[in-house]
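> Model the following, please.
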Amino acid sequence: MRSLPALAGLLSLVLPAMAVAQTANMRAASEAEIRQHLPGTSELKEAKNGYEYREGNKNGYKISNGQVCVRFPDKSTDCVSVKTDGKKFQMIDRKGGRTRF
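Here you go, the predicted model:
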């Protein structure tokens, strides 16, 4: 049974490297690609503060090359980077966490 802990240790080193290798060919998604990939962006209307809002929603969105930012009603903001290989899209938060979307 000594091989089980060794295997677990090896996987803990290999799996993060595999995740990085899978995303190595990804690039910043263009604003047009992000808008095309995210549903409902055509319903957004730009406000004076530079953010876009959906009718009835108090969260504002700013979409640019490689990034989506959300402005909340308390005026705080949160941004994610958006990467793509042309087919798959990933959001990367400020802590480096990656999520497919």
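
> so what's the residue most central in space within the chain closest to, chain neighbours aside?
Note on the chain: the residue nearest the mean C-alpha position is residue 91, at 1.4 Å, using C-alpha atoms, centre = their mean. The shortest distance from residue 91 to any residue other than its chain neighbours is 4.3 Å, reached at residue 80 (C-beta to C-beta, 6 or more residues apart in numbering). From N, CA and C alone the C-beta is placed, and that goes for glycine too.

> Mind pulling the model confidence for that neighbour?
According to the prediction, residue 80 has pLDDT 95.

> what do you get for the one 10 residues further on?
Residue 90 is assigned 94 on the pLDDT scale.

> Backbone dihedrals for it, please?
When quoted as degrees, to the nearest 10, the phi and psi of residue 90 stand at phi -130, psi 140.

> One more: residue 99?
phi -140, psi 130.

> for residue 73, same thing?
phi -60, psi -30.

> Also residue 35?
Taking degrees, to the nearest 10 as the convention, residue 35 sits at phi -60, psi -40.

> And residue 64, by the same measure?
phi -140, psi 180.

> Distance-wise, check it relative to residue 74.
Taking C-beta to C-beta, to the nearest Å as the measure, residue 64 and residue 74 are separated by 22 Å.

> swap in residue 49?
As defined by C-beta to C-beta, residue 49 lies at a distance of 14 Å from residue 74.

> ok, and the helix or strand in this protein with the lowest average confidence?
Ranked by mean pLDDT, DSSP states H and E, the helix or strand of the chain with the weakest confidence is helix 3-23, at a mean of 50.
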